[in-house]
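# Please work out how this folds:
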Amino acid sequence: MDTIRPAEEGDLADLVALYNHYVANTAITFDIEPCTVETRRPWFDQFAPSGRYRLLVLENDGGELVGYASSAPLKPKRAYETSVETTIYLAPSAGGGGRGTRLYGALLEALEAEDVHRAYGVIALPNAASVRLHEKLGFRPLMVLDEVGRKFGRYVSVQWFERAVG
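Next comes the predicted model:
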């Protein structure tokens, strides 16, 4: 049975490996160069087991880390502090079967106990599976930023989604 839990220090290398798959092979993230444990450390260190900024991991029944979901500051200015940007990544082998729904749902449920007013998801397009997941979990589409990024020699648009929390 899969396990969802807060990330721990020992997860960082696996988190980097999972993320780097998407950096190297997709336009889902706009990072261009793969991360190292050292360069990903500031990202990892912003999370805590409680509070607004969380990092949950999904382990399969063999104990392998196969996904993560996080909530991070939307913007650095203090007036934005009750809004978070949420993210989810699953290993390619972990898709389907409701894992993304359970993992992302667990993150959103945890945020309901915190001083969080809105969650925002930003999806590189096209990504029908992520759009469906966000809509299933109560996010509503806001806007598309057309061709806002360039990766692999092509321009990529993103769509913002919003969900009330609490």
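
# The residue nearest the centre of the chain - nearest residue in space that isn't next to it in sequence?
Ranked by distance to the mean C-alpha position of the chain (Cα atoms, centre = their mean), the top residue is Thr87 at 1.5 Å. Distances taken as Cβ to Cβ, 6 or more residues apart in numbering put Ser70 closest to Thr87, at 5.1 Å, once the chain neighbours are dropped. The way it works is simple: take the backbone N, C-alpha and C, and place the C-beta from them, glycine included.

# how about the one you found, secondary structure?
Put simply, Ser70 is strand when judged by DSSP: H, G, I helix; E, B strand; the rest coil.

# how close does it sit to Val144?
23 Å (Cβ to Cβ, to the nearest Å).

# Among these two, which residue is more densely surrounded?
Neighbours were tallied for Ser70 and for Val144 using other Cβ atoms under 10 Å; the higher tally belongs to Ser70 (22 against 13).

# sorry, back to before: now find how far off-centre the host helix or strand of the residue nearest to the centre of the chain is within its chain.
If you go by DSSP states H and E, Thr87 is part of strand 83-90. Offset of strand 83-90 from its chain centre (Cα atoms, centre = their mean, to the nearest Å): 3 Å.

# ok, now stretch 135-150?
The answer for stretch 135-150 is 14 Å, by Cα atoms, centre = their mean.

# before we move on, what about stretch 30-39?
Taking mean C-alpha positions (Cα atoms, centre = their mean), stretch 30-39 and its chain are 15 Å apart.

# May I have the distance across that stretch, first residue to last?
16 Å (Cα to Cα, to the nearest Å).

# Please apply the same query to stretch 58-70.
Stretch 58-70 end-to-end distance (Cα to Cα) = 12 Å.
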